[in-house]
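Colleague: Next input, structure requested:
(4 chains)
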Protein chains: 2
Amino acid sequence: MTGETERREAAERLALTLVGVGMQRMGARALAAFLFSEKETLTAGDLAEELGVSAGSVSGAVKMVAQMGLIERVHVAGSRREHFRMRDNAWTTLYTRQHSVVDEVLRAVDEGVDAVGPGRAHDRLEYMRDFYAFLLNEAPVLVERFEAQRRGRSRP
Amino acid sequence: MTGETERREAAERLALTLVGVGMQRMGARALAAFLFSEKETLTAGDLAEELGVSAGSVSGAVKMVAQMGLIERVHVAGSRREHFRMRDNAWTTLYTRQHSVVDEVLRAVDEGVDAVGPGRAHDRLEYMRDFYAFLLNEAPVLVERFEAQRRGRSRP
DNA sequence: GCGAACGTTCAGAAATTTCTGAAGACAGGG
DNA sequence: CCCTGTCTTCAGAAATTTCTGAACGTTCGC
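Modeller: The predicted structure is shown next:
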């Protein structure tokens, strides 16, 4: 356990890493804020304060992270603010979704396979297609295996 | 089998899809050029002509795609030009490498786990860490399984 | 219904990324 | 050892992305 400053630094480091991996800056910072918060839910105002950015930026970031399926809106009676919470299965969901990206690639490659006659190009494209199809099939299996393993561990 | 125009269009579509998935534009176009070429190897000049871009752009794109491990330099005696060729195991290599990106994230999350005391944040971070660690372990297994399956299929 | 508190949208500023073209480096043949 | 063809580097132009701030909606308590 350590101080507040170190917590924020670790959060910013993780956000930076996620940016390096291709995530939008503001989305990554918002996500890190959720991960590192002791609260169950955060409001847009909380995020704006924690990150030191405008309400507009928060709105955009939240929209994106929600679309990724990592957080969800929570209706809280008696509060006029909208609350957001990290979803329980955020990471496995993200992984699965990234594989719908794989699906897009697969489609494009498939068109390619149809568009060229026999030859080297055709062979290359087929190989690529086979691998991506394989990945697409295996992703859900992998996730299922992780969840099973985790269930097993938590109930010894 | 179809005409040259359709082949190029399919190549451009695949490149665009790869860009949508996060790849740099020029790198994606170069990669598509390799995939769709009937030649075994391409030179920087070939690429410049095929893509209609400057030598400088080609140099940068090739450098990047080579760093991703998708193509390799080929020394050809009697030619002053440098030739490049798609590597046989390009896609499985790419997949494995993307998981060294996972490794980066894993490290950052791990720091986070150490930086916060017990509580909700700690639990969230641990969950994320466990999933990414699981992925990192499973990636090579998956690739191995694909290759085995492919070997099996090609020698019935 | 009114007013206040929040959230969202959007035009434009700022930052970042990407491409080019020109200059330079390098290798091999003559 | 120079000359030519080829690749790389780099400063700056162009395009794209990202952030902000202000104006506009919306919702809830009263």
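Colleague: drop to CA atoms for contacts and neighbour counts, all remaining ones
Modeller: OK.
Colleague: For the longest helix along chain A, buried residues please.
Modeller: Scanning chain A for the helix with the most residues, using DSSP state H, yields helix A:120-154. Of the residues in helix A:120-154, those buried under the neighbour-count criterion (16 or more other C-alpha atoms under 10 Å in any protein chain shown) are A:120-133, A:135-136, A:139-140, A:142-143, A:146.
Colleague: near chain B too, which of the residues you listed?
Modeller: Intersecting these with the contacts of chain B gives A:120, A:121, A:122, A:124, A:125, A:128, A:131, A:146 (criterion: C-alpha under 8 Å from any C-alpha of the partner chain).
Colleague: Now distance to DNA strand D too, for those, in TSV please.
Modeller: Shown next, in TSV, are those (distance: C-alpha to the nearest atom of the strand, whole Å):
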residue	distance to DNA strand D
A:120	22
A:121	22
A:122	25
A:124	23
A:125	25
A:128	26
A:131	28
A:146	31
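Colleague: Secondary structure element holding residue A:98?
Modeller: Assigned by DSSP states H and E, residue A:98 falls within helix A:90-115.
Colleague: helices or strands up against that helix?
Modeller: Helix A:90-115 is packed against helix A:120-154, helix B:4-20, helix B:120-154, with contacts defined by 3 or more C-alpha pairs under 8 Å, 6 or more residues apart in numbering or on different chains; DSSP states H and E.
Colleague: so how far is the first one from its chain's centroid?
Modeller: If I follow you right, that is helix A:120-154. For helix A:120-154, the distance from its own C-alpha centre to the chain's C-alpha centre is 18 Å (C-alpha atoms, centre = their mean, to the nearest Å).
Colleague: Likewise for the second one?
Modeller: Its chain's average C-alpha position is 16 Å from that of helix B:4-20, according to C-alpha atoms, centre = their mean.
Colleague: Next SSE downstream of that helix?
Modeller: Using DSSP H and E, the next helix or strand after helix B:4-20 towards the C-terminus is helix B:25-36.
Colleague: So which bits of chain A are right by DNA strand C?
Modeller: Chain A has residues A:43, A:44, A:45, A:55, A:56, A:57, A:59, A:60, A:80, A:81, A:82, A:83 near DNA strand C, with proximity defined as C-alpha under 7 Å from any atom of the strand.
Colleague: which ones among the residues you listed are found in helices?
Modeller: Among the residues of chain A next to DNA strand C, the members falling in helices (DSSP H) are A:44, A:45, A:55, A:56, A:57, A:59, A:60.
Colleague: Of those - the most surrounded one?
Modeller: Counting by other C-alpha atoms under 10 Å in any protein chain shown, residue A:44 has the largest number of neighbours within these, with 20 neighbours.
Colleague: Secondary structure of residue A:85: a strand, I assume?
Modeller: Yes - read with DSSP: H, G, I helix; E, B strand; the rest coil, residue A:85 is one of the residues of a strand.
Colleague: isn't it right next to residue A:44, touching?
Modeller: No - with contact defined as C-alpha atoms under 8 Å, residue A:85 does not count as touching residue A:44 (11.1 Å).
Colleague: show me the contacts for the spatially most central residue of chain A.
Modeller: By C-alpha atoms, centre = their mean, chain A has its centre lying nearest to residue A:94, at 4.1 Å. Neighbouring residues of residue A:94 by C-alpha atoms under 8 Å, 6 or more residues apart in numbering or on different chains: A:68, A:69, A:70.
Colleague: most surrounded residue in those?
Modeller: Most surrounded of the contacts of residue A:94: other C-alpha under 10 Å gives residue A:70, at 21 neighbours.
Colleague: quick one on the thing from earlier: and the least confident of the residues of chain A next to DNA strand C?
Modeller: Looking at pLDDT alone, the residues of chain A next to DNA strand C dip lowest at residue A:80, where the score is 74.
Colleague: For it, grab phi and psi.
Modeller: Comment: the main-chain dihedrals of residue A:80 come out as phi -80, psi -20, following degrees, to the nearest 10.
Colleague: Now do it against chain B, distance only.
Modeller: Counting by C-alpha to the nearest C-alpha, to the nearest Å, the separation of residue A:80 from chain B is 24 Å.
Colleague: what's the answer for residue A:151, then?
Modeller: Relative to chain B, residue A:151 is positioned 12 Å away (C-alpha to the nearest C-alpha).
Colleague: Could you report the separation of that residue from DNA strand D?
Modeller: 37 Å (C-alpha to the nearest atom of the strand, to the nearest Å).
Colleague: which residue packs closest to residue A:143, ignoring adjacent ones?
Modeller: With C-alpha to C-alpha, 6 or more residues apart in numbering or on different chains as the criterion, residue A:143 has its nearest non-adjacent residue at 6.3 Å, and that residue is residue A:92.
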